[in-house]
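Colleague: test case, fold it:
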Amino acid sequence: MKRNWNQAFQIAAVYVGTVVGAGFATGREIVEFFSRFGFFGLISILMSGYLFVMIGSKLMRMAAQINAKSYQEFNEYLFGKWPSKIINIFMLVMLLGVSAVMLSGAGAVFEEQLGLPKTLGVIVTIILSYLVMLLGTRGLFAVNTFVVPLMISFSFILMVLSLRMPNFMQQLLFIPHADDGWKSVVAPFSYAALNLGLAQAVLVPVAAEVKDDWTIKWGAIIGGLALTLILIASHFTLIMLPNVEIYEIPMAIIMKNLAPFFYWIFVLVIYGEIFTSVIGNVFGLDRQLQAYMHIPTTLSVTVIFALSCLISLVNYGTLLSYLYPLFGYICLVFIILLWMKPFTPSEIK
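Modeller: Numbers count the residues shown, from 1 in each chain. This next block holds a predicted model:
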């Protein structure tokens, strides 16, 4: 059988692009879960990376095995018929909440980095998302395969610049005091749970369309490793910014300080990553609504954006700080059950 590396890399790009969103690209999410804990944060990142590779691969391969068309079908297989109804309602609410965070993040980029109205950023993002959504999975692949490599490149440029700073090793090994230091122990699990719980809305239907087990497996492995490397690169950069917790978009501040000639391009890349996550979440929500009722895609997407816009009126940093950790703790149940569920690759047709 011919190995389809091209499609495997496309799956990896969708995996990375779905996870790398408003919080990840801006650095805010990485600070919240990892970097504020110093060296312990690095250990947590490595543990999260392992979960992204192993659990992410199992999620997609299992989705293809049972031919799940949406995360509703996948959760019914995972949790059982009646519990899955409650889980799916929660997932619907959670995806709406995260979509609102993404839109709020897009608005924050326009307002804080470009000096333009936040509302303009939200409107532009919605219009562009409509155009991509009309293309379906092809549009999702196209956007991610273009933006994700740029984000990875800039992450490593900043990491290299940070490594050359004289006090890098001192900062890397430093363990700052944190009143909630216990969170560094659960951070790798809650972070992976949050992102895999959300990503299933995109990864499940994508895996069902691809079907080939080898392609899905290596797409997940490449995507998981890429996420780990980006997390490490971002962490190495973020620990070099004093008082990193006070910034809403710390990665942009660091780029302005270390490589100002790349600053505006990097801001556009951050926006691009936020945009891919908006598309990913709305894509998954649209598929879920289609499973409940047969309505035109344009109508379902309009409803999704209308609800997301209402929630996005809350400040971006506030939304992320409260919603993401909460969702992460709740999603721990999801990855525990996924890890425990028996899986036999040879059964995939």
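Colleague: Ile175: neighbour count?
Modeller: Residues near Ile175, counting by other Cβ atoms under 10 Å, number 12. Bear in mind the C-beta positions are built from the backbone N, C-alpha and C, glycine included.
Colleague: got the contact list for it?
Modeller: Ile175 makes contact with Phe37, Gly38, Phe39, Phe40 under the criterion Cβ atoms under 8 Å, 6 or more residues apart in numbering.
Colleague: residue ranges with poor pLDDT in this structure?
Modeller: Applying pLDDT under 70 to the chain flags residues 1-3, 21-23, 133, 135-145, 148, 291, 297, 345-349.
Colleague: re earlier: and the contacts of Ile175, which are buried?
Modeller: Taking 16 or more other Cβ atoms under 10 Å as the criterion, what is buried in the contacts of Ile175 is Phe37, Gly38, Phe40.
Colleague: export the residues you listed to a markdown table and tack on secondary structure and distance to Val132?
Modeller: Output for these, formatted as a markdown table (DSSP: H, G, I helix; E, B strand; the rest coil; distance: Cβ to Cβ, whole Å):
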| residue | secondary structure | distance to Val132 |
| --- | --- | --- |
| Phe37 | helix | 36 |
| Gly38 | coil | 39 |
| Phe40 | helix | 39 |
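Colleague: which of those residues sits closest to Leu96?
Modeller: Phe37 (29.7 Å; Cβ to Cβ).
Colleague: so what's the closest one up against?
Modeller: Ser44, Ile175, Pro176, Ala178, Gly181, Lys183, Ser184, Ala187.
Colleague: over to Tyr263?
Modeller: Ala252, Met255, Lys256.
Colleague: make TSV out of these and add distance to Thr125 and neighbour count.
Modeller: Shown next, in TSV, are these (distance: Cβ to Cβ, whole Å; neighbours: other Cβ atoms under 10 Å):
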residue	distance to Thr125	neighbour count
Ala252	17	21
Met255	21	26
Lys256	23	15
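Colleague: let's see which of those residues end up in helices.
Modeller: Ala252, Met255, Lys256 (DSSP state H).
Colleague: please report how far the last one lies from Val267.
Modeller: It stands for Lys256. To Val267, Lys256 is 9 Å away according to Cβ to Cβ, to the nearest Å.
Colleague: got a markdown table for the buried ones among the contacts of Ile175, with distance to Val122 too?
Modeller: Below are these laid out as a markdown table (distance: Cβ to Cβ, whole Å):
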| residue | distance to Val122 |
| --- | --- |
| Phe37 | 32 |
| Gly38 | 35 |
| Phe40 | 36 |
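Colleague: and which of those is nearest Tyr324?
Modeller: For the buried ones among the contacts of Ile175, the nearest to Tyr324 is Phe37 (15.6 Å; Cβ to Cβ).
Colleague: what distance do you get for the closest one to Ile253?
Modeller: Phe37 is 20 Å from Ile253, by Cβ to Cβ.
Colleague: repeat that for Pro296.
Modeller: 43 Å.
Colleague: which strands and helices sit next to the helix or strand where Leu92 lies?
Modeller: Leu92 is located in helix 81-108, with elements delineated by DSSP states H and E. Packing partners of helix 81-108 (3 or more Cβ pairs under 8 Å, 6 or more residues apart in numbering; DSSP states H and E): helix 22-26, helix 71-79, helix 118-133, helix 183-210, helix 263-292, helix 297-311, helix 316-340.
Colleague: what sits up against the last one?
Modeller: Applying Cβ under 8 Å, 6+ apart, the set of residues contacting helix 316-340 from outside is 22-23, 28-29, 32-33, 51, 55, 58-59, 62, 78-79, 87, 90, 94, 97-98, 100-101, 104-105, 107-108, 183, 186, 189-194, 196-198, 248, 311-312.
Colleague: let's see that with 6 Å instead.
Modeller: The contact list for helix 316-340 (Cβ atoms under 6 Å, 6 or more residues apart in numbering) reads 23, 28, 55, 78, 94, 97, 101, 104-105, 108, 190, 193-194, 196-197, 248.
Colleague: closest to Lys217 among those residues?
Modeller: Nearest to Lys217 among these, with distances taken as Cβ to Cβ, is Ile55, at 12.9 Å.
Colleague: who's in contact with the closest one?
Modeller: Leu196, Ile335 are the contacts of Ile55 under Cβ under 6 Å, 6+ apart.
Colleague: now do the host helix or strand of it and helix 183-210, the angle between them.
Modeller: If you go by DSSP H and E, Ile55 is part of helix 39-65. Angle of helix 39-65 versus helix 183-210, following axes from the mean of the first three to the mean of the last three Cα atoms, to 10 degrees, is 20 degrees.
Colleague: for helix 39-65, what is the distance to the chain centroid?
Modeller: 13 Å (Cα atoms, centre = their mean, to the nearest Å).
Colleague: thanks a lot, catch you later.
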